[in-house]
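S.K.: Quick one, fold the following:
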Amino acid sequence: MTSDKTLRWSAFGFAVFFVLVVALGYIPQFNGGMSHVEMSQAGEHSMLGLYMIGAADDVTHGLTALVLLAASLSSARASRLALTAFGWYYAFDAAIYLVTGFIQHHAIGSTIMLNLPHVIISTIMLTLAYRGRGEMVRAVA
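M.R.: Down below sits the predicted model:
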């Protein structure tokens, strides 16, 4: 089972990670050289030259950071809940865009690579949140 300390530090680490995700999108050297003015006019900006990020993505990543930070400062239980909620959110987000990419006949490789960050993030979050939970349920029963 994931320890309370690990849950809280993991939630805190993911909060920092998501702050960096938002911040990196606004540093011209990391987004294909687009200035802040060009980014706002286009409505989207490049993330490390690989991904197009829109305002909804920034809000989602920013709110994720805030909730995970609050959870990490609150308790292990809140951290587990936040990791579970956002783990499932990012898992479904990846699944929706993977299926959509296949339906729209986008290249399989690019569709997978585009969604790989959310697949990895959700896998780690859900592993942390659920690790050892099965034994706990059997012990209670």
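S.K.: how close does Tyr130 get to Phe14?
M.R.: 15 Å (CB to CB, to the nearest Å). Placement of C-beta: from N, CA and C, glycine included.
S.K.: Of these two, which one has the most company?
M.R.: Phe14 (26 against 15; other CB atoms under 10 Å).
S.K.: wait, isn't the more buried one in contact with Met125?
M.R.: Yes - applying CB atoms under 8 Å as the test, Phe14 and Met125 come out as touching, 6.9 Å apart.
S.K.: Between these two, which contacts overlap?
M.R.: Residues touching both Phe14 and Met125 (CB atoms under 8 Å, 6 or more residues apart in numbering): Leu83, Phe86.
S.K.: pull the CA atoms of stretch 59-75 into CSV?
M.R.: Extracted C-alpha coordinates of stretch 59-75, given in CSV (Å, rounded to 0.1, in the frame of the first residue of the first chain):
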residue,chain,number,x,y,z
VAL,A,59,-7.1,26.0,-17.2
THR,A,60,-7.4,22.2,-16.8
HIS,A,61,-3.7,21.8,-16.0
GLY,A,62,-3.8,24.9,-13.7
LEU,A,63,-6.8,23.6,-11.7
THR,A,64,-5.2,20.2,-11.5
ALA,A,65,-2.2,21.8,-9.9
LEU,A,66,-4.2,23.8,-7.4
VAL,A,67,-6.3,20.9,-6.3
LEU,A,68,-3.3,18.6,-6.0
LEU,A,69,-1.4,21.2,-4.0
ALA,A,70,-4.3,21.7,-1.7
ALA,A,71,-4.7,18.0,-1.2
SER,A,72,-1.0,17.5,-0.5
LEU,A,73,-1.1,20.1,2.2
SER,A,74,-4.3,18.7,3.7
SER,A,75,-3.9,15.0,4.2
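S.K.: quick one: contacts of that stretch?
M.R.: Stretch 59-75 has contacts (CB under 8 Å, 6+ apart) with 4, 8-9, 11-12, 14-19, 21-22, 78-79, 81-83, 85-86, 89.
S.K.: list the helices and strands the helix or strand Ile124 falls within packs on?
M.R.: Per DSSP states H and E, Ile124 falls inside helix 108-130. If you count contacts as 3 or more CB pairs under 8 Å, 6 or more residues apart in numbering; DSSP states H and E, helix 108-130 packs onto helix 4-24, helix 76-103.
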